[in-house]
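Undergrad: Quick check, what structure comes out for this input:
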Amino acid sequence: MGRGSASVAVINIAVVLLVVCVCQTSVVDARRFIVGDDMHWTFGYNYTDWALKNAPFHTNDTLVFKYDPPSNTTHAHSVYLMRSLKSYTACNLKTAIMVANITQGGGSGFEFVLKKRKHHYFVCGERDGLHCTIGNMKFIVLPKKPCPGARITRQ
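TA: Model prediction:
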């Protein structure tokens, strides 16, 4: 191996060690997000913008969906997970999974922990998908994995 090759190899090893050291010493705090911030989970708010503003999300982060139970002055809301981008885009609830019903968003809200690194397609399923299609009550999250060896703490 020539001098140039040896110095490139040393630099490559140094970069790898630096990355490993940074990953091992970093702390990834599992964060807690109120979906929609002060607006909560409500008709007419742009949740795609909200998700983009709060990204990146990581595994073990918690999304809190807050909404009032239905009454004479409020509409019912719920939280569904869509199985595919196609059903999400069309707001097609046929194969969706309800993760929070119309009463679970009351009080401190419904908490959903992002446990897997996969696309999560969230929508409101009320009025047969009308809240999703017209009310803009939908967003996508793809949590990132923390660095290998990172310590995870809760906020």
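Undergrad: what are the ranges of the strands in the protein?
TA: Under the criterion DSSP state E, the chain carries strands at the ranges 27-30, 32-34, 62-65, 79-82, 97-100, 110-113, 120-123, 138-141, 151-154.
Undergrad: Pull up the pairing partners for the third one, direction included.
TA: In the sheet, strand 62-65 lines up against strand 32-34 (parallel), strand 110-113 (antiparallel) (DSSP bridges).
Undergrad: who wins for proximity to residue 83 among these?
TA: Evaluated over the strands paired with strand 62-65, closeness to residue 83 peaks at strand 110-113, with 15.8 Å, by CB to CB. C-beta: built from backbone N, CA, C; applies to glycine.
Undergrad: Show me what counts as buried in the closest one.
TA: Going by neighbour count (16 or more other CB atoms under 10 Å), the buried part of strand 110-113 is 110, 112.
Undergrad: Mind checking the pLDDT average for that strand?
TA: Averaged over strand 110-113, pLDDT sits at 98.
Undergrad: what residues does that strand touch?
TA: The contact list for strand 110-113 (CB atoms under 8 Å, 6 or more residues apart in numbering) reads 60-66, 79, 99-100, 104.
Undergrad: which one among those gets closest to residue 33?
TA: Comparing these against residue 33 with CB to CB places residue 63 closest, at 5.4 Å.
Undergrad: Run through the bridge partners of that closest one.
TA: Beta-bridge pairing of residue 63, defined through DSSP bridges, involves residue 33, residue 112.
Undergrad: Hmm, residue 33 and it touching each other?
TA: Yes. Between residue 63 and residue 33 a contact is recorded at 5.4 Å, counting by CB atoms under 8 Å.
Undergrad: Between these two, point out the one with more neighbours.
TA: Between residue 63 and residue 33, counted using other CB atoms under 10 Å, the more crowded position is residue 63 (25 against 18).
Undergrad: wait, what's in contact with that one?
TA: By CB under 8 Å, 6+ apart, the contact set of residue 63 is 33, 35, 111-112, 114, 122, 141.
Undergrad: Low-confidence stretches in this structure?
TA: Along the chain, the parts satisfying pLDDT under 70 run over 1-28, 147-155.
Undergrad: Let's see that with 80 instead.
TA: Residue ranges of the chain with pLDDT under 80: 1-29, 146-155.
Undergrad: can you map out the helices along it?
TA: 3-25, 47-54, 85-90, 130-133 (DSSP state H).
Undergrad: and residue 121, how many neighbours does it have?
TA: The tally of other residues near residue 121 (other CB under 10 Å) stands at 20.
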